[in-house]
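In: No letters, just coordinates:
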């Protein structure tokens, strides 16, 4: 074990010991010791006994099991308490440290070839679950008002209870505004980049204009697009086009200049013209730059469409729902829409990254395992 892993193991057991000493929780003003919650008590005892790792070998799967046991026990305890006390928070920190220790040891095992790379997917999963557990424990155990920060369980209940409405919002914002604007913005940026590369006049005249357009504030563009294209999704798609056009233009122009002079001279010796050199040499060399713009725009497009809906839209759409529900202090619905938007943006980015891997499989960044 590394020094960091030893420190994490010692602190995890230490906080478990503190959780046994201090008052765990209270209900109606009456204190509740940790032994009122057998699952939590078992976790704390096992956490302290894990100190045997300094004498005997303990698998990292044991740390993962302790983190899972602690998380489940603490979540179940929330159903029977009104206020979490010091012991509860110490137990939460202990479980969180065991999750960190598990991720650290699993990462080390992967780097040494002891387990397969596919098991590495557990690391982001454990990290995400740890954040959700801490979020749930803090909001419910600390009695945080819902208007400030709702618990993940409340957001999930709101999400599952309003699936038709959220699906309609998703279709309006993502399926119409985002996808249409993304295709038009990235496509036009790519074509203009080819024209700029072909014409020195456009390179000197259009690129500075593109810099100017990219600096325009979104909150200033969105109302104008609504005035031009109406309140429905075409105005939001227009905003997305403006946001995605310039990143694609700049990245494609930069990528087209990657091919070296030796490669271009070789193409000339084979009597290749501009278009033959473009399609056989320069565009393949520019592919990583183009996909970099596509990945950047996959998140910019969603942000642009949602913000544009704040300035005028039919009574449907993710941006409209966020704006209207926050006025009603229905924060759980707002967070449900944010969660769907975040998931959609992540999946969109992931799909583009998978396409990039398939297209640019020859590039060193892909051969090295980076998307």
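Out: All right, it came through fine. Bear in mind that the values here come from a model prediction, so they are computed numbers and not experimental data.

In: Distance-wise, check residue 241 relative to residue 304.
Out: From residue 241 across to residue 304, the span is 9 Å (C-beta to C-beta, to the nearest Å). Yep, even glycine has a C-beta here, placed from its N, CA and C like the rest.

In: cool, residue 188 as well?
Out: 15 Å.

In: These two - which one has more neighbours?
Out: residue 304 (29 against 15; other C-beta atoms under 10 Å).

In: what's the pLDDT at that one?
Out: Note on residue 304: pLDDT of 89.

In: and it, what does it touch?
Out: Each residue near residue 304 by C-beta atoms under 8 Å, 6 or more residues apart in numbering is listed here: 181, 218, 236, 239, 240, 242, 243, 244.

In: Also residue 202?
Out: 192, 195, 196.

In: which one among those gets closest to residue 213?
Out: residue 192 (11.4 Å; C-beta to C-beta).

In: May I ask which helix or strand encompasses the closest one?
Out: Per DSSP states H and E: residue 192 is located in helix 179-198.

In: elements contacting that helix?
Out: helix 200-214, helix 233-256, helix 283-308 (3 or more C-beta pairs under 8 Å, 6 or more residues apart in numbering; DSSP states H and E).

In: right, so of these, which gets closest to residue 148?
Out: Residue 148 lies closest to helix 283-308 among the helices and strands packed on helix 179-198, at 22.0 Å (C-beta to C-beta).

In: so the closest one versus helix 233-256, what angle?
Out: Using axes from the mean of the first three to the mean of the last three C-alpha atoms, to 10 degrees, the direction of helix 283-308 lies 150 degrees away from that of helix 233-256.

In: and after helix 283-308, which helix or strand comes next?
Out: The helix or strand immediately downstream of helix 283-308 is helix 318-327, counting by DSSP H and E.

In: can you give me how far that next one is from the chain middle?
Out: Relative to its chain's centre, helix 318-327 lies at 21 Å (C-alpha atoms, centre = their mean, to the nearest Å).

In: helices and strands around the helix or strand just after that helix, which ones?
Out: Proceeding N to C from helix 318-327, the next assigned helix or strand is helix 331-359, under DSSP H and E. For helix 331-359, the packing partners by 3+ C-beta pairs under 8 Å, 6+ apart come out as helix 152-161, helix 163-170, helix 283-308, helix 318-327.
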